Each structure stands twice: as structure tokens, then as C-alpha cells.
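A.B. asks: how would this look folded up:
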Amino acid sequence: MARLTIACCFLFVLFATSCQYGSKDQAPVDRVIELQRIIREAGADSSLVYYNELRELHKQWKGRFPDSILAEYHYLIGRHFRTNGNLDSAAIYYQKSIETVSDSIIGEREAVYFERAWDTYRRMGRYGDCFAVIRNYTELLPDSSPPLLKALSNYFSAVTYKSIKEYDSTLYYNEKRIESLRQLQDTSNIATVMVSNAELYFYYLKDRPKAFQILDALIDKKANLSPRYMRQIFGTYGIFLFYEDAFDQSKIYYELGVAEIKKMTESQDRFDKLANAYNNLAEVSIELKDYPSAQLFLDSVRGIGFDKIDKRLQKDYLNYKSRLTYESGKDFDELLTDLTNIYDYQEQLYLDRTQRELAALTTAKEYEQALLQEKQAIEIKNLKLETRFLWSLIVGTLSLVAIWLAYRRRKLRFEKQKLQMQQRLLRTQMNPHYTSNSLHAIKQLVKKDPNLAASYLLRFSRQLRLVLENSMENYVRLEKELDALREYLELQLIRFPDKFTYTIKLHNLEEEDPIFVPPMLIQPFVENCIEHGFKDRLTGGEIRISMKLDKNIIDCEIMDNGLGMKLNESNTKRSASTKLISNFLKKSTGRKVETTSTNEGTRVTFAIPFKESDHD
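C.D. replies: Numbers count the residues shown, from 1 in each chain. Down below sits the predicted model:
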């Protein structure tokens with residue numbers, strides 16, 4: 001009966017599809033080509049609507065498209081999964097795209113399919129699959145193919161061998177790359193490969209004179225190289241000298257690199273490269289105890305603008321700024337201002353990303369609703385075309401059931417995405433409150449004890465990095481979440497050394513277990529214990545955190561010996577935060593946050609959802 005039902009549903013969907021596209025026997029190739037063009041031009045943030053329509057057409061007309069269109073289809077779907085961090089699914093579709101290329105590689109577009117498949121396997125650490133892609137690529141590459149495509153094969157091999165630490169093989173394939181590039185008279189890319197060889201000799205083969213010899217040879221040919229590549233050569237030379245403790249010479253080469261960067265007026269990443277060079281100059285100036293120069297270089301990074309440089313460079317700037325402030329005995333106010341500005345900028349980026357994702361979900365929902373209405377219209381039209389009432393009734397009933405099931409499945413998927421967005425918005429509201437409290441504490445400590453303030457600031461920067469990294473993910477490893485929680489508690493103990501003690505106990509689970517939980521759920525309750533429960537207590541506070549694995553949830557209990565619930569009922573911030581977390585946990589686990597007063601203090605219990613992988 002089940003098979004008959006499925007067969008009837010399939011016949012009806014096929015009938016509805018034929019009505020939708022008329023009596024055509026040919027697949028809608030033109031529409032597929034148009035969708036692929038739109039997605040390529042829109043880039044990685046292309047609307048989910050176009051992907052859904054493309055996949056729907058592929059499902060309906062499977063096996064009726066040319067190989068070239070199928071290869072591009074699989075590539076674009078793979079790119080969609082990779083953009084969203086799902087490397088497993090991305091690898092499956094990239095593999096399908098290269099399997100479609102069965103005769104020979106005739107153009108750069110087909111080479112792109114192989115490059116994406118290889119790079120995805122490399123990022124996953126599946127080096128055996130990397131070599132399989134390389135072997136397939138090499139076999140399909142004609143002898144008459146352009147040197148550029150041959151150089152790409154050697155690039156795949158060199159990077160893969162470097163990943164598995166076989167450096168002699170890496171050097172061998174780099175030399176083969178250079179041979180192919182010489183046929184193209186591509187001097188610039190030859191320089192890039194030679195710099196890569198120099199790094200191999202310096203860092204891994206420990207032949208540092210050979211590394212400097214390679215760079216010296218490149219510098220002798222500087223007239224043939226553009227500023228972009230001379231910047232790379234001078235910068236690498238400066239780094240090598242820095243590791244050799246030749247700080248004066250290192251600074252000279254860093255400055256030569258800056259001069260080359262300033263010539264790159266058309267470069268899209270010019271600001272990042274310039275900020276990185278100034279950070280390096282600040283670092284070597286600190287090592288030379290030349291604090292005025294270090295301050296000048298850090299001011300240059302600030303002058304570029306934090307909104308124009310990568311987050312990694314922002315963190316490097318804060319690190320060197322912290323060192324300079326601590327070692328030179330300068331005032332902390334400027335550093336605190338920079339820290340606040342960088343956090344505000346990153347927070348705005350996070351909010352913008354959240355708004356874009358919400359807009360994408362809304363568009364996807366509207367598309368699904370339109371698709372459902374269209375299917376319902378097709379169903380009505382088909383029922384009118386049927387001549388026999390009984391068959392019309394059967395087909396109509398089965399189609400309604402199929403549509404209802406499809407609608408319910410889509411609705412559940414949308415609810416899951418909506419729940420994740422609510423979780424992200426919750427963290428967006430919690431992070432500024434926590435950062436504001438910490439910055440206020442730093443300002444107070446600067447006035448009382450500058451040395452303690454410096455220690456607190458360094459730990460706070462590490463805590464802020466953990467919080468920012470965790471808050472950008474839907475699920476993080478339990479071990480990483482507990483590290484962030486401990487870092488926060490230790491940070492508070494610097495502020496209040498005798499105010500409280502804490503313990504974290506795990507029952508029937510280990511911290512190293514492959515368990516992934518939503519981030520930033522425990523810390524707000526612990527913050528309530530310290531800020532409100534121990535508000536009038538100077539010493540003797542206790543916080544006990546207990547976690548127990550129970551089927552598909554983790555039972556969490558937070559116990560403190562503070563003032564209790566009645567004395568804190570008027571605190572609106574605490575109530576609002578508890579309500580937001582309770583709503584999220586109620587939707588994801590079916591259980592609310594429970595807060596009770598006991599003779600010992602206050603107990604908070606709740607259930608945390610978890611997964612055994614970091615894929616949503």
C-alpha cells in the first residue's frame with residue numbers, strides 16, 4: 001500500500017510538472033543556464049531562492065541535461081554548501097562535478113572544478129582523496145594543454161605534500177611549477193613559488209642560509225617584479241631576520257616592504273597588507289625598546305581605520321598596543337578606546353550578518369509559500385481535467401497528502417533556522433552587557449592598581465577573543481565553552497580575589513568528549529551570581545556548577561549561596577536575560593529555566609541541547 005501511495009504521488013507530481021511546463025519534451029535548459037549565470041554573478045551571498053529553483057529543476061528533469069550543464073550545477077551547489085561551512089556536502093557535489101568531466105580537460109572552467117574538489121578535501125584533512133583528484137586531473141589533462149593548467153597540477157601536488165610534511169616532494173613539485181611558469185614567462189608567479197621554497201628551507205628544513213640565498217637572488221631581479229611581489233619578498237626577509245634576532249635589519253626590510261605596498265594603488269587588499277606591515281614594524285620596534293617609533297607605527301594602523309582591515313590584524317594591533325602600554329608605562333585610556341571601537345565595529349558586522357540571514361530566511365519562506373500555492377493550483381487544474389470522479393478523488397487526495405507532508409517538512413526546517421537566528425540574536429544582546437561591565441572594571445582598576453589592570457586587560461583580551469569566536473557559531477565544542485567560562489571566572493577573581501570560589505563538576509561525561517553545545521548559555525547565570533547574588537558579600541561566596549549527560553540533553557545546575565531570588569526580583573536586566581534564554585531552551589529542549597531559593601542560596605537548573613558534530 002505504501003509503495004502504491006508513493007507511485008501515485010510520483011505520477012501526480014509528474015503530471016503536474018508536465019502541466020507547468022506545457023507539453024514540451026525538452027528540459028528547460030535555457031532557464032537552468034540563466035539561473036547558473038545569476039548565481040555566479042551574485043557570488044557566495046546569492047539568494048537562496050535561485051538555488052532552490054535550480055535544485056528543483058534538476059530534480060524534475062534529472063538525466064536530461066548536457067554534461068557541461070550538470071557539471072556547473074554540481075559545482076554551484078557544492079559552492080553553496082561550502083559557503084555555509086558544510087564541507088562534507090560540498091565535497092560530495094564537487095566530486096560529482098569532476099566525475100562529469102569524463103573525456104579530457106579542455107578549459108580553465110573544468111580546471112576550477114578540480115581545484116575546488118581538491119581544496120575542499122585538503123581543508124577536511126582527506127589527503128588520500130586529494131591525491132585521487134590530482135591523479136584524475138593529470139590523466140585527463142592532454143599533452144597539448146596550456147602550461148598554466150600543467151602548473152596547476154604541480155601546485156596541487158606541492159601543497160598536498162607540504163600538508164603531510166613531505167618537504168622534499170614539495171620542493172620537487174615547486175620546481176616543476178617553475179618550469180611550467182617559465183614557459184609562460186610568468187616572472188611574478190615564479191617569484192611566489194621561490195618565496196614558498198625559501199619558507200620551506202627556513203621553517204622546516206632548517207637550512208636558513210639557503211632561504212636567505214633564494215631571497216637575495218629575487219631581490220637582485222627586482223627590476224622585473226611588480227610592487228606586489230617585492231612587498232612579499234621584503235616582508236618575508238624581514239620575518240626571517242626577526243626570527244634570527246636581527247631586529248635592526250628586520251626593521252629595514254619591513255620598511256622596504258611598506259614602500260612597495262604604497263605603490264600598489266589598485267590593490268583590493270592594500271589596507272590589510274599595509275596594516276600587517278605596520279604591525280610588524282611596531283613589534284620589532286618594541287623589541288628594540290624604540291617605543292616612540294612603535295607608537296608611530298600603531299598610530300598608522302589606527303589611521304587606516306579598523307573598519308578597513310581584517311579581524312586578525314585588529315587582534316595583532318591590540319596585542320602590540322597592550323605590550324607597548326605595559327612596557328612603556330603609558331596611560332591605558334587610548335588602549336581602552338581602541339578596544340571599545342574595535343568591539344563596536346565587530347558587533348555591527350555581526351548584527352549586519354544577522355539581518356542578512358533573517359532577510360534570506362524571509363525570502364526563502366515566501367518562495368516556499370508561492371511554490372505551495374502553485375502546486376495547489378496545479379492540483380485543482382488536474383482534477384478538472386480528470387474524466388472519472390473516482391480517479392480524480394484518489395489523485396487529489398494523494399496529492400494533498402504529499403503537499404501537506406512537503407509543507408510540514410519545509411516548515412520544520414524553517415522553524416529550525418528561525419530558532420538558530422533567535423539564539424544568535426540572544427547572544428547579540430548578551431555580549432555588549434558583558435563587555436560594558438568588563439570595561440568599567442578595567443577603568444576602576446587603572447585608577448587603583450595599574451599593574452593589576454594590565455594583567456586584567458591581557459586576560460580580558462583573551463576572554464573577548466573566546467567570546468567573539470564562540471558567539472559566531474551555532475554550536476561549539478563543550479571543552480571550548482568551558483574554557484571560555486573558566487576564563488571569565490578567573491577574570492572575575494582578579495577583580496574580587498576573596499569574594500567567591502567556584503567548582504565545575506561533570507558527571508558521566510568527559511570534557512574532551514566530542515560534544516557540541518550552543519555557546520554563551522551558562523555564563524550569564526554565573527554573572528548573575530557574582531554581580532547580584534554576591535552584591536553585598538565581601539568574602540565566602542560559593543558557585544557550584546554541575547553538568548550531567550542525560551540522553552539527548554545535558555542537565556546543568558548552578559548553585560550559589562548568595563542573597564536569593566526574592567531580593568533580586570526587581571532586577572529587570574536579569575529577568576529579561578533569563579526570559580530570553582528560557583525561550584530559546586524551551587523551544588530547543590522543551591524545558592524552561594527553573595530558578596528556586598533554598599536555605600543555602602539560589603539554584604538555577606536547565607537543559608542544554610547538544611550534538612555529536614559541529615554541523616547544524
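
A.B. asks: Any stretches of the stretch 501-616 of the chain with poor pLDDT?
C.D. replies: 564-578, 614-616 (pLDDT under 70).

A.B. asks: any idea which element A198 lies in?
C.D. replies: Under the criterion of DSSP states H and E, A198 resides in helix 187-199.

A.B. asks: Report all helices and strands that the top strand by length along the chain contacts.
C.D. replies: Assignment by DSSP state E gives strand 541-550 as the longest strand of the chain. When contacts are defined as 3 or more Cβ pairs under 8 Å, 6 or more residues apart in numbering; DSSP states H and E, strand 541-550 sits against strand 500-507, strand 553-560. All C-beta spots, glycine's among them, are computed from the backbone N, C-alpha and C.

A.B. asks: Verify the contact between R79 and L87 for me.
C.D. replies: No: R79 is beyond contact range of L87, at 11.8 Å (criterion: Cβ atoms under 8 Å).

A.B. asks: which of the two has more neighbours?
C.D. replies: R79 (22 against 18; other Cβ atoms under 10 Å).

A.B. asks: Please report the distance of the more buried one from R116.
C.D. replies: Distance from R79 to R116, counting by Cβ to Cβ, to the nearest Å: 7 Å.

A.B. asks: quick one: contacts for F606?
C.D. replies: F606 is in contact with L521, C556, I581, S582, L585, R591, K592, V593, E594, counting by Cβ atoms under 8 Å, 6 or more residues apart in numbering.

A.B. asks: Show me the shaky parts of the stretch 1-150 of the chain.
C.D. replies: Checking the stretch 1-150 of the chain against pLDDT under 70 turns up 1-67.

A.B. asks: Report the contact partners of the nearest residue to E108 once chain neighbours are set aside.
C.D. replies: Spatial nearest neighbour of E108, excluding adjacent residues (Cβ to Cβ, 6 or more residues apart in numbering): L149 at 7.3 Å. Listed by Cβ under 8 Å, 6+ apart, the contact set of L149 reads I105, E108, A111, L141.

A.B. asks: Tell me the secondary structure of the residue minimising distance to the centre of the chain, please.
C.D. replies: By Cα atoms, centre = their mean, the chain has its centre lying nearest to G85, at 6.9 Å. Following DSSP: H, G, I helix; E, B strand; the rest coil, G85 is assigned to coil.

A.B. asks: any idea how far it lies from V604?
C.D. replies: Using Cβ to Cβ, we find G85 at a distance of 32 Å from V604.

A.B. asks: Kindly confirm my reading that F606 is in a strand.
C.D. replies: Yes: counting by three-state DSSP, F606 is part of a strand.

A.B. asks: partner residues bridging it?
C.D. replies: C556 (DSSP bridges).

A.B. asks: so how far is S582 from it?
C.D. replies: The separation that F606 has from S582, given Cβ to Cβ, amounts to 8 Å.

A.B. asks: same deal with S438?
C.D. replies: Counting by Cβ to Cβ, the separation of S438 from S582 is 25 Å.

A.B. asks: okay, the two: which has more neighbours?
C.D. replies: S438 (22 against 16).

A.B. asks: Next secondary structure after the strand or helix carrying the residue nearest to E108?
C.D. replies: In this structure, L149 sits in helix 147-163 according to DSSP H and E. Going down the chain from helix 147-163, the next helix or strand is helix 167-183, by DSSP H and E.

A.B. asks: Name the surrounding residues that touch that next one.
C.D. replies: 147-148, 150-151, 154-155, 157-159, 161-162, 189-190, 193-194, 196-197, 200, 204-205.
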